[in-house]
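[1] here you go, sequence then predicted model.
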Amino acid sequence: MSTASEAGPVPLHGVRVIDLSNGVAGAYGAKMLAAWGADVIKVEPPEGDPTRHRLPRVGDSADGSILFGYLNTGKRSVAVDPLTREGIEALTALVAPADVVIESHAPGWWARRGLDLAAARKANPALIVCSVTPYGQDGPQAGWLSTPLTAFAAGGQMMVTGDEDKPPMKTAGYQADYQAGLHVFSSVATALVAVKRGEPGDHLDISMQEVQNACLEGFGPAAMVRGSDASRAGNQLRAIWGMYACADGWVGVSAMARQTGAVYACIGRPELADDPAFLNLLLNPEMNEVVQVLIGEWAAERTAAEIFAEAGRQRAPFSLVATPEDLLENAQLKHQGFWQTLEHPVLGEHKVPGMPFTLDDVLPVQSRAPLLGEHTGELLGPTHGGDSREEVPVSGQRKPLLDGVRVLDFSQVWAGPYAARFMADMGADVIHIEGPNFADAVRGVGRSEEPRGFDQSAYFNEYNRNKRGMALAMDKPEGHEAFLRLLAKSDIVLENWSVGVADRLGVSWDVIREANPRAIFIQMPAFGQTGPEANRVGFGPGIEQMGGLVALQGYEGEGPHRSGISYGDPNAGIVAAGAAAIGLLHRENTGEGCHIVLRQRDNLTGMVGEYMVAASIGIDIPRQMGNRDLQMAPHGVYRCLDDSGRYQADVAGNIVRELTDTWVAIACEDDDQWERLKGLIGDPRLNRADYDTLAGRKADEGTLDQVVGEWTATRAAEAAADELQAAGVAATPVLSPLMLLGNRQMVARQAFTSYDHPIAGTQISTRPVWRLQDRLFRTVGPAPCFGEHNREVLRELGDYSDSEIDALEAAGVITDEPTA
């Protein structure tokens, strides 16, 4: 594998990004842009970015922050006081010639201080501004105080993470921020595609709440379409989709229906695959419990390494629950050259995760994070004459960002379809291609028993909206010929099959490049295309476990815990959408297509990168902290008054159970907020002198949680959050998938829309997450029925006659009903 420095200019060469953000989300998005060649200037106040003051640190200086050191590789730093006239004048001059500005302050914060980004966009029509905030740029909660805890609680994912009999649980680190950071990267890269073709820039509005709401797996569609809510399922969603203690730790298993037999073979019970009672555990709770016991007993007698080895032999989707230390020594990651060693004046020698995808086998090389204000003199000093921006003609047209781009989407389930959906939402013509005997697996999730029940899956329909659909037999010569004809008029080919399937079906990079040298081929393997783990079967939960996140999170003293959704999938999908834009920009620069390989595990590891950096230099960041935080107290999730009217229902609409629990997340960020919280609650037990310091509060968090919990227990969650916010304390109700539909911020921002589906009827859907100030979002349309557009696409793109299409249908090359 070569490196970017060896391979010549990278796709974002010449793009200047001003990173005005003050947290994790914007910094992470800007870091990824820097890795692909952008010149990123990190703007900090004189005391440094807030992430410089998060623990742990090496030494006492702001330059010793592990989190900042990870988030800001490849950037330059300028220290500017935004509260002074001189500082704002310097920033205005810095922004003027830029291509991209990323910011994350409360709406209007910069304008009130004199930095007018709207005026900058008028003066420079090609400028892209990306605002990433907890609740978006408008709405009644746009100005709410927020922390990583409350940002996660507001989006739906926390309510489904954890155990049913315990509070909803925050996942490790800064996951709401990292998810939003991926959107910053991908949305900015996609907007640059439009600017590259001569169109104006735009103002992107990314809401962390909407980012999470858009990827609630099956829970979101069930709430939107059936009015069914969801709660927490612990580590055992079902027997073959959960986690098990083994002789020396933990392992996970995440199997689709077609892997059930491999799981049974792995545990030494292959005969179960021949018993109909054991084939659909979701519909057979009694047998599900039996299999849980069998797997649990089998796992308890074996080490994780033994289980993993046997799973490899059986191609069963078992996974290791890997720690940072495991990953630093992982043979697959070493094979890929994933870890990059950097030398920093304060952090010393340390390892950072590489980027999650390669371009033509190139993995970008990162450089160390800057010291505070290290480049101030270079960029703002008296000898700096300012940058002159090359004038690029900008038309007045504002087409969808990916107007004119065509995607052949062979992907299945969630990660790939989610990537392609973002491309479709931004105007690309996406054709979702299934096999006549290999329908997308999630068409079976929540399907009805009606004649075309496979077209009624809310899960499939949500993540494949705005696409056209084909059912094409790629294993037949006529099907492959049709693919080549479509490829000649397409820009991107996307697949997330198991390693080797693409080659067997004739969808290899060699075939694609020969047929269309300008095509971009994106592959999304779980662990890589080559190497010792490449052939492992991997779905979202297994990728999360193998990627390091699960080992880091959990209730205190209770071991690792899975996330409430198949967390690897949507995050890989977001990055794949950005990778497609990077590929398009590469093609604009070189005139040639490219081969992109996105390794989904690598992406997850990058989202806990600060833990990896810390482990590489022998520093331990506390793990499995539940909802606690190293630098905030009180900091947790507290039970509120029960509500009524929320139900979990099956696909037929039958009520399974009533859900009544409600919760509020509270994060006391500093001593000032503590005084405000203490005054609001008014309980004399909080008037202890030792509570006036963070150390004192951390030493007695149990008592604090008890007192705060007694106060919240007398209030509705929304009322408690309103009181806390009014007092100046960060808080939010912990929102479930169904609650989000009625949340006043989501309603005010019209975060949901609807469309009519020819079989499923009226469907509620999430609004596109990337909001563009100057471009209307694409009207959301239905997902395709199975094989719905076979004839239309073959006529339009393949130049087939009606008689030729009839012949393909007669030969089973195309169909509008699954054959298996």
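    Cool, got the structure.

[2] quick one: the strands in the stretch 301-450 of the chain, in order.
    318-320, 339-344, 348-353, 357-359, 362-363, 406-409, 429-434 (DSSP state E, counting those that start in this stretch).

[3] nearest to Ala721 among those strands would be which one?
    Among these, strand 348-353 comes nearest to Ala721, with 35.2 Å by C-beta to C-beta. No exception for glycine: its C-beta is placed from N, CA and C like everyone else's.

[4] ok, back up a step: now render the strands of the stretch 301-450 of the chain as CSV, adding distance to Gly578, mean pLDDT and mean neighbour count.
    Formatted as CSV, those follow (distance: least, C-beta to C-beta, whole Å; pLDDT from 0 to 100; neighbours: other C-beta atoms under 10 Å):
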stretch, distance to Gly578, mean pLDDT, mean neighbour count
strand 318-320, 26, 96, 28
strand 339-344, 20, 98, 16
strand 348-353, 16, 98, 18
strand 357-359, 9, 97, 25
strand 362-363, 16, 94, 22
strand 406-409, 14, 99, 26
strand 429-434, 16, 98, 26
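
[5] quick one: closest of those strands to Leu641.
    That would be strand 318-320 among those, by C-beta to C-beta, at 39.6 Å.

[6] so Met746 versus Arg767, what's the distance?
    Per C-beta to C-beta, to the nearest Å, Met746 is found 9 Å from Arg767.

[7] to clarify, my last question referred to Glu809.
    Going from Glu809 to Arg767 by C-beta to C-beta gives 37 Å.

[8] rewinding a little: what about Met746 and Arg767, which has more around it?
    More crowded of Met746 and Arg767, by other C-beta atoms under 10 Å: Met746, with 26 against 18.

[9] OK, contacts around that one?
    209-210, 213, 740, 752 (C-beta atoms under 8 Å, 6 or more residues apart in numbering).

[10] again with Phe219
    Phe219 makes contacts with 156, 160, 230, 564-565, 737, as judged by C-beta under 8 Å, 6+ apart.

[11] state the pLDDT value of it.
    If you check Phe219, the pLDDT there is 96.

[12] give me the helices and strands touching the host helix or strand of His480, please.
    Assessed by DSSP states H and E, His480 sits inside helix 477-487. Here helix 477-487 touches strand 406-409, helix 509-515, helix 790-798, helix 802-810, going by 3 or more C-beta pairs under 8 Å, 6 or more residues apart in numbering; DSSP states H and E.

[13] pick the most buried one from the ones you listed.
    Here the criterion is mean neighbour count by mean count of other C-beta atoms under 10 Å, and of these the winner is strand 406-409, at a mean of 26.

[14] who does that strand touch, helix- and strand-wise?
    helix 415-425, strand 429-434, helix 477-487, strand 492-495.

[15] re earlier: now the contacts of Phe219 in JSON lines, with pLDDT and secondary structure?
    Listed next are these as JSON lines, based on pLDDT from 0 to 100; DSSP: H, G, I helix; E, B strand; the rest coil:
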{"residue": "Gly156", "pLDDT": "98", "secondary structure": "coil"}
{"residue": "Val160", "pLDDT": "98", "secondary structure": "helix"}
{"residue": "Ala230", "pLDDT": "95", "secondary structure": "coil"}
{"residue": "Gly564", "pLDDT": "96", "secondary structure": "coil"}
{"residue": "Ile565", "pLDDT": "96", "secondary structure": "coil"}
{"residue": "Pro737", "pLDDT": "98", "secondary structure": "helix"}
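
[16] who wins on neighbours among those?
    Most neighbours among these, by other C-beta under 10 Å: Gly156, with 29 neighbours.

[17] now do the contacts for it.
    By C-beta under 8 Å, 6+ apart, the contact list for Gly156 reads 212-213, 216, 219-220, 735-737, 739-740.

[18] now swap in Pro356 and tell me
    Contacts for Pro356 (C-beta under 8 Å, 6+ apart) come out as 572, 575, 598-600, 602-603, 606.

[19] what about it, distance to Asp248?
    For Pro356 relative to Asp248 (C-beta to C-beta), the value is 29 Å.

[20] cool, Ala176 as well?
    Distance from Ala176 to Asp248, by C-beta to C-beta: 33 Å.

[21] higher neighbour count, these two?
    Per other C-beta under 10 Å, whichever of Ala176 and Asp248 has more neighbours is Ala176, with 29 against 11.

[22] ok but that one is inside a helix, no?
    Yes. Applying DSSP: H, G, I helix; E, B strand; the rest coil, one finds Ala176 inside a helix.

[23] quick one: residues contacting it.
    Residues in contact with Ala176 (C-beta under 8 Å, 6+ apart) are 25, 148, 151-152, 155, 157, 208, 211-212.

[24] just Val769 next, same as before
    Going by C-beta under 8 Å, 6+ apart, Val769 touches 183, 206-207, 210-211, 214, 422.

[25] care to break the protein down by domain?
    9-226+364-396, 236-328 (automatic domain parsing).

[26] residue closest to the middle of this structure?
    By C-alpha atoms, centre = their mean, the chain has its centre lying nearest to Asn571, at 2.6 Å.
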